[in-house]
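# Using only what follows, build the 3D model:
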Amino acid sequence: MNSRNIALDDIITILEEKKPLHTVLLASLKSIEDKRDKAFVARLVRGSVERAYSIDRIIDSVSSVKVKKQKTVIRNILRSGIYQILFMDSVTDFAACDESVKLAGKRGFRNLQGFVNGVLRNICRKKEELLKDLYITEQYIDEAATTDEAATDETVTDEAVALDYRYSVPSWIADDFCRSFGKEKAKNAFAYFLKENDISIRVNTSRITLKSFEEKFLSQTDKGETGEIRLEKNRYLDKCYRISDTGSIEELPQFKDGLFVVQDMSSALVGYICEGITDIRADKKANTDKFRALDLCAAPGGKSLYLADLGIKVTSCDISEQKLKFIEENATRCGFNNIEIKLNDATAFNPGFEGKFDIVLCDLPCSGLGIIGKKPDIKYNMTPEKIKELAVLQKSILKIAVKYLKNGGYFLFSTCTVTGEENKENLEYLKSVPGLSCVPLESFLPEGIKVQESQDNYLQILPGEYDSDGFFISLFKKTAE
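Here you go, the predicted structure:
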């Protein structure tokens, strides 16, 4: 099947049927054998979804028929065609137009081929003008088939172009970020969302030393498409790295051997904090096997695996068998036998857990606005109303989760989002819980990562800060009776 045809199916499934990008794309890439075709489809699908908000505005500005009035197939052919014209230098303008017109015919819309051709030709004529108003990341600067002036970020001030259009984020998200964090921090976050993301990983140190991992990775991994493999150590957490140009992550021998897990540095910080907790609780002797930890909303299991790597006995839970399958697969691959996997509804009290755990991790289901860079479909599927519903769900989980702590135990509450309803308001609730006391985070964090005030018991990382996803972490301790 033609690669553009595959990409079109994926784009429709993601944008129209609201299916998760990462699962849709993973499934379709498995059916493609040629590496170049895989790379083309991955780039076209992700890019078309990532830039859909801006592209739709562009279509409405040049088309006699607005996006919402167009046939589903036609509007997504236009989205993918415009993405190719504006952002894929490997595709000529002629090829982008011609292949899109052919695709409309193959999909049974011969009567609309002229419409598709007209819209895309209009885009080609306005290409340089359009690119001046769009945020162009480093990955596109060499690829934008325009003048150097049109391909640089300095050519347009953000005051001249609305942030939602320039950075392709829905206006309510742009407004919320600006209101909460200020315009400059909002712009930095939106730029990070559009940055080409390498894969963030954490080494399984129970199986290999960091030095051996670096040597093994560089000696065993095939060369990528560019002829160069990059393995970059994280500047804050020595167990974390970024890798790129590897093709399918699941096919790497180091992944199959359980030498690393896919995990962003911001998420790995939870495990790093737990290392500090175990040192304190065990009088710095780190007798971690005496600790019991509960990871309540654990899938796919990155935090559970970090704690297991420390030697802690972990009870790893989630609400569905499918989610537990992800945890089990990762635990088996990494060789951990100190993880007990259990089906559990975090919103329902489990009497078997009451007062049993030294550490309770509560990484709550959330809006995910901190990880839009990895999952750009989130920005189209989330709404302010859904965030309010999630905040209610989160509080119901927190009310129960605190009951599972032993006296003297530590409670870590985290999310991969940045909204006040999901983070600060829940933080205030936990402060009101009898028997819970705030634990300042400053002494638990690696050098270079700081809370705003030394006494703060929470850390809010904005997307792009510390070159990581947006994330929230807070720490509490149960007062011994």
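# In the stretch 201-350 of the chain, where is pLDDT below threshold?
By pLDDT under 70, the weakly predicted segments of the stretch 201-350 of the chain are 220-229, 245-247, 280-286.
# can you give me the helices in it?
Here the stretch 201-350 of the chain has its helices, by DSSP state H, counting those that start in this stretch, at 210-220, 253-256, 265-281, 302-309, 321-334.
# Now do the second one: distance to the chain's middle.
Remark: helix 253-256 is offset 22 Å from the chain centroid, using C-alpha atoms, centre = their mean, to the nearest Å.
# cool, the longest one as well?
Relative to the centre of its chain, helix 265-281 is centred 21 Å away, using C-alpha atoms, centre = their mean.
# Same check on stretch 323-335?
Using C-alpha atoms, centre = their mean, the offset of stretch 323-335 from its chain centre is 20 Å.
# ditto for stretch 27-42
Relative to its chain's centre, stretch 27-42 lies at 21 Å (C-alpha atoms, centre = their mean).
# can you check stretch 22-29 too?
15 Å.
# Equivalent analysis for stretch 128-135, please.
26 Å.
# Buried residues, that stretch. List them.
130-135 (16 or more other C-beta atoms under 10 Å). No exception for glycine: its C-beta is placed from N, CA and C like everyone else's.
# Just send the helices of the stretch 201-350 of the chain back as JSON lines, with distance to residue 163 and mean neighbour count too.
As requested, the helices of the stretch 201-350 of the chain are exported to JSON lines (distance: least, C-beta to C-beta, whole Å; neighbours: other C-beta atoms under 10 Å):
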{"stretch": "helix 210-220", "distance to residue 163": "39", "mean neighbour count": "13"}
{"stretch": "helix 253-256", "distance to residue 163": "38", "mean neighbour count": "16"}
{"stretch": "helix 265-281", "distance to residue 163": "23", "mean neighbour count": "22"}
{"stretch": "helix 302-309", "distance to residue 163": "32", "mean neighbour count": "26"}
{"stretch": "helix 321-334", "distance to residue 163": "35", "mean neighbour count": "17"}
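# So what touches stretch 344-361?
270, 274, 277, 281, 291-298, 303-304, 307, 312, 315, 317-319, 362, 393, 396-397, 400-412, 414 (C-beta atoms under 8 Å, 6 or more residues apart in numbering).
# can you tell me the distance between the two ends of it?
14 Å (C-alpha to C-alpha, to the nearest Å).
# Dump the helices of the stretch 201-350 of the chain to JSON lines, plus distance to residue 58.
Below are the helices of the stretch 201-350 of the chain laid out as JSON lines (distance: least, C-beta to C-beta, whole Å):
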{"stretch": "helix 210-220", "distance to residue 58": "41"}
{"stretch": "helix 253-256", "distance to residue 58": "39"}
{"stretch": "helix 265-281", "distance to residue 58": "33"}
{"stretch": "helix 302-309", "distance to residue 58": "38"}
{"stretch": "helix 321-334", "distance to residue 58": "38"}
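# ok, back up a step: quick one: which of the contacts of stretch 344-361 sit in strands?
Judged by DSSP state E, those include 292-295, 315, 317-318, 362, 405-412, 414 as members of strands.
# In the stretch 1-150 of the chain, where is pLDDT below threshold?
Scanning the stretch 1-150 of the chain for pLDDT under 70 picks out the ranges 1, 138-150.
# do you know which of the helices of the stretch 201-350 of the chain lies nearest residue 433?
With C-beta to C-beta as the criterion, residue 433 lies closest to helix 265-281 of the helices of the stretch 201-350 of the chain, at 18.9 Å.
# Which pair in the buried residues of stretch 128-135 has the greatest spatial separation?
130 and 135 (12.1 Å).
# And this protein, split by domain according to the record?
3-125, 208-257, 265-478 (automatic domain parsing).
# can you redo the ones you listed as JSON lines with distance to residue 172?
Shown next, in JSON lines, are the domains of the chain (distance: least, C-beta to C-beta, whole Å):
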{"stretch": "domain 3-125", "distance to residue 172": "11"}
{"stretch": "domain 208-257", "distance to residue 172": "31"}
{"stretch": "domain 265-478", "distance to residue 172": "6"}
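# Figure out which of these is closest to residue 167.
Among the domains of the chain, the nearest to residue 167 by C-beta to C-beta is domain 3-125 (8.0 Å).
# ends of that closest one, how far apart?
This stretch, domain 3-125, spans 26 Å end to end (C-alpha to C-alpha).
# any idea how far it is from the chain center?
23 Å.
# Next: stretch 391-405.
Worked out by C-alpha atoms, centre = their mean, stretch 391-405 lies 24 Å from the chain centre.
# Now do the buried residues in that stretch.
391, 394-395, 397-398, 400-405.
# which outside residues touch stretch 36-43?
Here stretch 36-43 makes contact (C-beta under 8 Å, 6+ apart) with 3, 6-7, 10, 25, 28-29, 32, 88, 90, 225, 247.
# Now, those residues that are in helices?
3, 6-7, 10, 25, 28-29 (DSSP state H).
# Show me the two of those residues that sit farthest apart.
Spatially, the most separated pair among the ones in helices among the contacts of stretch 36-43 is 3 and 25, at 12.8 Å (C-beta to C-beta).
# Between those two, point out the one with more neighbours.
Neighbours per residue (other C-beta atoms under 10 Å) separate residue 3 from residue 25, with residue 25 holding more: 21 against 18.
# What about the residue lying closest to the more buried one once chain neighbours are set aside, how many residues nearby?
The shortest distance from residue 25 to any non-neighbouring residue, by C-beta to C-beta, 6 or more residues apart in numbering, is to residue 45 (5.5 Å). Using other C-beta under 10 Å, residue 45 is surrounded by 25 other residues.
# from now on call the first residue 898
Yes, from this point I'll number from 898; that puts the last item at residue 942.
# Quick check: the gap between residue 942 and residue 1357.
Between residue 942 and residue 1357 the computed distance is 31 Å (C-beta to C-beta, to the nearest Å).
# Equivalent analysis for residue 1113, please.
Residue 1113 is 36 Å from residue 1357, by C-beta to C-beta.
# on that earlier part again, which one of the buried residues of stretch 1025-1032 is nearest residue 951?
Nearest to residue 951 among the buried residues of stretch 1025-1032: residue 1031, at 6.1 Å, using C-beta to C-beta.
# Hmm, residue 979 and the closest one touching each other?
No: contact criterion C-beta atoms under 8 Å: residue 1031 and residue 979 do not qualify, at 11.0 Å.
# And stretch 917-925, what's buried?
With burial defined by 16+ other C-beta under 10 Å, the residues of stretch 917-925 counted as buried are 918, 921-922, 925.
# swap in stretch 984-998?
Buried, per 16+ other C-beta under 10 Å, within stretch 984-998: 984-985, 988, 990, 993-994, 996-998.
# again, but for stretch 1076-1086
1078, 1082-1086.
# Many thanks, I have nothing further to ask.
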